Structure formats: C-alpha cells, structure tokens
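K.L.:
Based on what follows, work out the 3D shape:
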Amino acid sequence: MDPSKKKKSSWIQQLASFTRGQRLKLGASLLCAVVGVVGGIVPFFAAYKLIALSLSGTLAISEVGHWTLIALLGVAVQTIGYLASTSTSHSVAYHTLENLRNAACKQLAACSLGDVQSAPSGALKKIIIDDIEQMELPIAHVIPEFTSNVLLLVLCFAIVCSIDIRLALSMLIAPALSIVPLSLLFKNFERDYAAYWTASERVNSTLVEYIDGIEVIKTFNQADSSYARFRNDISEFEKLTLAWYRSARVPMNAMFAILPTLLLGVVPVGCILVASGSIDVAQMALACMLSIGVIGPLTKITQYTNMFKEIEKVMDSVSKLLEMKPLPEVSSPALITSHDVSFKNVRFSYSNEEVLHGISLEVPEGTSCALVGPSGSGKSTMAKLIARFWDAGSGTIRIGETDVRDIPLDQLAGLVSFVTQDNFLFNRTIFENVRLGREGATDAEVERALAAAHCEELADKLANGFETLSGEAGGALSGGERQRISIARAYLKDAPILVLDEATAFIDPESEELIQQALSELARGKTLIVIAHRISTVRNFDKIVVMDSGNIVAEGTHTDLLGSSDLYHRMWEAHISNGTHEVRKG
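P.N.:
Residues are numbered from 1 along each chain as shown. Prediction:
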C-alpha cells in the first residue's frame, strides 16, 4: 500500500473515532448536502426546457410559469438542504472538538507529571485550544460540502455525457491545464506547511513564556531583551509566511485563472457539434450552464485540499499528545492494611541524571516525618514519588504493604493529600477552591477547613469575603494567603497521608505559630511528611530526615541531629541567625 494513502487513512480514522455519538448526525448532514445538490441541478434543467420550448416555437405562458416554479422549488430545496446540512455538521463539529479536548486533557491527567512538565506550555495550549479550534471550519463545512461538491461535479459531467461524450470531455480541458500550476503549488507543500506549523508553535510558546514571566521581566528590567526574542520569532514567522506566499503566488493565481475557463473548451466544441447536427442549441446551452455551475464547486474542492492538510496536521499533533505514555494503572482497588509510608532502595532520574540514589525510609502510620536538606538534595522528588507524580526508576514505595504502582490512581489520590510550595488556585471563589478538596462538602465544612487554616481574616479583608474570586492562578491573593487556602483544601480532603512540600515557605513570621497550630490540627491522626523550609516548624516532629545530593545522610529527632549531624547543625544555626535562610550547596 502507498504509505501516503496509509497515513491519510490513519488520520481520517482517528478523526472518525472522535465523532462517536454523532455518526447519525454526520450521515444526516451528508444526506441533506446530497439533497441540496440535486435541488441545485433542477434550475439548470428548467432553463434547458424553457430554451428548448422557445427554440421549437411551442413555448406558452403556462410553461414559463410551470418551469419557473420548478426552478424556484429546486432553489428552495438547495437552500434548505444546505442550511440543514451545515447546521447539523456544526453540531457534529462542536461535539467533535469537545471530544478531542476532553481526550487531550484526560491524557495529560493520566501521564506522569514529568512528561507533562517537559512539554512547553505554549505548545500544549496551541494544540488543545488553537489547533483543535481550527478544525471547526473543516469539519462543519469541508466534510459535507466537499462530498456535495464532488457529487455535483459527477452529476453535471454525467448529464453532459448523456448529451454527447465529446462535449463532456471538452469540460475537462481547463481542469487538465490547471494540473500544471497545481503540481507546482504542491511540489513543496508538505515541507513548507511543516515549517509554517513549527514556526507557529514557536511563536505561541514564546508568547506564553513572555506573559507568564512578565513579573520577572519587569522586576529585572529585561523587557527589551525578552521582547526581542518574541519580536524575532514573529519576524521569522513573517519571513517564512511571506516566502511561502511568494513561492506559491504565481502557480496559485495561474490555477485560479485557468479553472473558471471551462467555457473556452465547451463553447467551441459545442458549436462544432451543433453545426454537425450532433446536438441541438438547447443541449449546448445546458452544457454551458452546467459548465458555469461547476466552476464554484471545482474551485472549492481545490481550496479544500489545504484544509484537509490542516486537519491532518492537527490530528498528527493531537495524536502525539494522546500517545504520551500514561502511568500504568491497575483496575482493581487495593487492600490497604495501614497508612505507613516506606521507601526501599528507591532510585530516580530526570532524563539521564540520577537524583535519588537508593533511598530507604520508614514513616509509620500516624507519625510525622520532615525532610530537610540543601536545595536540590531530592526532598521534593521524594514527596512527589509518594503521590506518584512519577514512577521510581527502581526500588519500591509502599503504603502499608502495597506498592503505590498497585493502587489505582483514584484510590491513591484519596489516600494522599499533597500541598506544594507553588499553590495553584483556579480563578474561582475561595469557597470553590477549597471545596475542590472534597466534592459535595457543605459550606459549613468548608468554613471549618478555612478556620482550621487560620483564613478567617480573609473574609473581612476581601470585598466579597470567601466568595471573592482568587484571580488567575490565585493572583488576587498573596503567597501566604494562597498557601493557607491550599492547607484548608487539604484539611477538607482529610486524606490519611499528608504531604507538605515547602507548604509554609511564604508564611510570614507573625503567622508561623498559627500555621503550626493549623498543621497540628490537620495532621492529627495522619501520616505526615513535610519538606521543611523552616526547621523551626518541624523541630518537634517524630523524625527528621537530613538529605544531601540525593542521599539520606542522617535521621532522628531534632535534639539527636543537633549532636550527630554537622549538616543539620549548620542548617539550624543558619536558620536561627538569619530567620528564613536556607543552606545552599556550594
């Protein structure tokens, strides 16, 4: 089989799979399009009959009214068929876009955090929002209209064939001549379209990065240099687009100049056939009218070629996203005997760089464990492995006696609450953001969670209290406020294992005692694992684990470690002398 045909069949099949539940509507759209095409042929036939009657001298006023009414009826059928086809196909298109976006988001949720974070956010945004949106026009118009236009060409050609095959062949002269510029137009189409697509993705990624980093850009006065990168990408995109246009301009204009000239073949041949007595004038007139009638459909079919390529490219991008390897998941719920958390000989690598080197650790149920150490020592990686944001390269991580890889992701999510140092809030009310912790929680339960996280003053501070929108990514709130809301969300979830990744990093000293009280309330009866930014917040924990360069170098209580670990002692001294200072690796 031709590889190109195999590839084309593949994207058509992929697209068809996302029209599930809409197949009947799609069929109805095509049927309406066909009915509209048939209706569009009727006026030509009516005109032919009137011309024939006029030339024969038998045309009566009643015949004029009769065939005019039939022509109008054909126009009405054509119009109704087109409207019914496009309205139905638009419904199919929007449902297909919904299915595509839902599938893409579901796939992202099923993949490891590392795979998702390694993909540029601009590229993902372009695929899920921009690229899929581009498919609305092709699905809503191209699929029914391409079918109906092809059918119209076939019907018109068949009708002219019934008059005289030589006359029908004369209709093919202009399309045959247009093949020359068409072949030049598509000579490098694959390469040019791929380059255009890549440049478009680069512009999108740069733009998203520029907007996301605008605060840093302004703070460090890097607007000129950062904007220069965006400007350069736009400039390159413009140059590429213009170069493509210039290379395609001549063959494209030549093709669209030749295609409408069907009459240059039909009229001379028709006149010869009339003169020879092979056909009559009315038949020649019908052939001329049909030749004019197919110019529009023929031009549209040529234009649709680009749209088909667009669909193919979008489906290729969506397919790559959908083919991202999801985390392996079991289907049967696991029997969890306890909420102990244990690491045994765990190794983990980012790309080819190993960052955890055979970690072993036991955190008994209901106890508190803090992970401390210099930046880059592997603390956050360990915490995220518990929640299975990634899978360990080797070794095992268990909850009770069960490997986390043997626990369905939904069940694991119910066992572990995870609060990170970068607390993302959706642009919803504070109430709604907290309620994400447990769907269906009552207002009273949300209020208790907010109170436990010492968020009561927000109700008085904000204009609409807890009904205030958090802003995009929680931008309407301070870092400390966002963290307390995240802690409230975890409190509401009430999972038996609580992981806090630098969760108190942005808390001001005045709030530290309140947050410690909130964490004590939150952690009551739970297995608590904390990546500590401030040692003072974890000095009373049951166990403190000191990490350095991906290894556990010491563990014990605060008192034990002050006497047994030089690194911990230095960290403590730095903390009490500099407040929030954290030891960095030299």
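K.L.:
Helices of the stretch 1-150 of the chain, residue ranges please.
P.N.:
Assigned by DSSP state H, counting those that start in this stretch, the helices in the stretch 1-150 of the chain fall at 3-17, 23-56, 61-110, 113-118, 121-125, 132-134, 136-137, 143-163.
K.L.:
Flag every buried residue along the last one.
P.N.:
With burial defined by 16 or more other C-beta atoms under 10 Å, the residues of helix 143-163 counted as buried are 143-153, 155-157, 159-160, 163. Heads up, the C-betas are built off the backbone N, CA and C, glycines and all.
K.L.:
Relative to the whole chain's centre, how far out is that helix?
P.N.:
Distance, stretch centre to chain centre, for helix 143-163: 38 Å (C-alpha atoms, centre = their mean, to the nearest Å).
K.L.:
That helix - contacts with which helices or strands?
P.N.:
Using 3 or more C-beta pairs under 8 Å, 6 or more residues apart in numbering; DSSP states H and E, the elements in contact with helix 143-163 are helix 23-56, helix 61-110, helix 165-170, helix 281-293, helix 295-322.
K.L.:
what's the angle from that helix to helix 281-293?
P.N.:
160 degrees (axes from the mean of the first three to the mean of the last three C-alpha atoms, to 10 degrees).
K.L.:
which residues are in contact with helix 143-163?
P.N.:
Outside helix 143-163, the residues that touch it by C-beta atoms under 8 Å, 6 or more residues apart in numbering are 26, 29-30, 32-34, 36-38, 40-41, 85-86, 89, 167-168, 171, 279, 283, 286-287, 290-291, 293-294, 297-298, 300-301, 304.
K.L.:
between that helix and helix 23-56, how big is the angle?
P.N.:
Using the same axes, to 10 degrees, helix 143-163 lies at 30 degrees relative to helix 23-56.
K.L.:
average pLDDT across helix 143-163?
P.N.:
Confidence for helix 143-163, expressed as mean pLDDT, is 86.
K.L.:
repeat for the third one
P.N.:
For helix 61-110, the mean per-residue pLDDT is 88.
K.L.:
lowest average confidence, helix or strand, in the protein?
P.N.:
Least confident helix or strand of the chain, by mean pLDDT, DSSP states H and E, is helix 3-17 with a mean of 57.
K.L.:
Give me the nearest residue to the residue most central in space within the chain, chain neighbours excluded.
P.N.:
Central residue of the chain (C-alpha atoms, centre = their mean): Ile128, 1.9 Å from the mean position. Distances taken as C-beta to C-beta, 6 or more residues apart in numbering put Ala104 closest to Ile128, at 5.0 Å, once the chain neighbours are dropped.
K.L.:
before we move on, what about Gly21?
P.N.:
Once flanking residues are discounted, Gly21 sits nearest to His95: 7.0 Å by C-beta to C-beta, 6+ apart.
K.L.:
show me the contacts for that neighbour.
P.N.:
19, 21-22.
K.L.:
Show me which positions of the host helix or strand of Gly265 end up buried.
P.N.:
Using DSSP states H and E, Gly265 falls within helix 263-275. For helix 263-275, a neighbour-count test (16+ other C-beta under 10 Å) marks 263, 265-266, 269-270, 273-274 as buried.
K.L.:
coming back round to it: what would the helices and strands packed on helix 143-163 look like in a markdown table with distance to Phe424?
P.N.:
Below are the helices and strands packed on helix 143-163 laid out as a markdown table (distance: least, C-beta to C-beta, whole Å):
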| stretch | distance to Phe424 |
| --- | --- |
| helix 23-56 | 38 |
| helix 61-110 | 14 |
| helix 165-170 | 65 |
| helix 281-293 | 58 |
| helix 295-322 | 21 |
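K.L.:
between those, which gets nearest to Glu555?
P.N.:
helix 61-110 (34.4 Å; C-beta to C-beta).
K.L.:
from the contacts of His95, which single one is nearest Leu361?
P.N.:
Gly21 (48.6 Å).
K.L.:
how many other residues sit next to that closest one?
P.N.:
Gly21 has 11 neighbours, counted by other C-beta atoms under 10 Å.
K.L.:
tell me the secondary structure for Cys369?
P.N.:
Three-state call for Cys369 (DSSP: H, G, I helix; E, B strand; the rest coil): strand.
K.L.:
That one reaches Ala532, doesn't it?
P.N.:
No: using C-beta atoms under 8 Å, Cys369 is not in contact with Ala532, being 10.1 Å away.
K.L.:
ok, those two, which is more surrounded?
P.N.:
Each of Cys369 and Ala532 has its neighbours counted (other C-beta under 10 Å); Ala532 has more, 26 against 20.
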